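Engineer: Here's a sequence, model it:
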Amino acid sequence: MFRRFCNTIARFMYGRYGNDQLNRGLFVLYFCVWLLSLFFRQVLFGWLFAVLLWAILGWLLFRTFSRNIPRRQAENRWFLDRWNRIKRWCTHQFTRVKDIRRYRYRRCPACGAMLRLPIKRGRRTVTCHRCRGQFKAFFL
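Structural biologist: Okay, here's the model as predicted:
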């Protein structure tokens, strides 16, 4: 009985897009908006959250059952580009906080590269590893 149900679902999903990272992100967004709606139960916010939740759920189901696979893949690539930028920035900020006792981060004025420099008190000349440009850095 269960195998027959699984086969029916598999036949239905054949040729459809299914699940990807953007759909997972939409599900997390749906869950977060749902949690927010629990805290704001006023009439105005209740309608707003209800409409927003239905819109997110509709978009998620539309993407899952869509047969236009190249378009859904392009949407997922667009999402992953933005998500990876955010993730890289957060990772960099976490590393900066972790290294705060031993290193300082400075940007090269010539090429804009971010340099991790060991703390040595006073003014010193720093050479960029990317463009080989030199600039003065001051550390307290």
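Engineer: Of all the residues in the helix or strand that residue 82 is a member of, which ones are buried?
Structural biologist: Under the criterion DSSP states H and E, the helix or strand holding residue 82 is helix 69-98. Across helix 69-98, burial judged by 16 or more other CB atoms under 10 Å covers 72, 75-76, 79. (Each C-beta comes from the backbone N, C-alpha and C, glycine too.)
Engineer: what's the burial count for residue 22?
Structural biologist: Number of residues near residue 22 (other CB atoms under 10 Å) recorded here: 20.
Engineer: For it, give me its contacts.
Structural biologist: Shown in contact with residue 22 (CB atoms under 8 Å, 6 or more residues apart in numbering): 63, 75-76, 79-80.
Engineer: can you give me the strands for the protein?
Structural biologist: Here the chain has its strands, by DSSP state E, at 103-107, 114-118, 122-127, 134-139.
Engineer: What pairs with the third one, parallel or antiparallel?
Structural biologist: What that stands for is strand 122-127. Sheet pairing of strand 122-127 (DSSP bridges) gives strand 134-139 (antiparallel).
Engineer: Let me have the strands of the chain in a markdown table, adding distance to residue 13 and mean pLDDT as columns.
Structural biologist: Formatted as a markdown table, the strands of the chain follow (distance: least, CB to CB, whole Å; pLDDT from 0 to 100):
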| stretch | distance to residue 13 | mean pLDDT |
| --- | --- | --- |
| strand 103-107 | 48 | 87 |
| strand 114-118 | 45 | 87 |
| strand 122-127 | 56 | 85 |
| strand 134-139 | 57 | 84 |
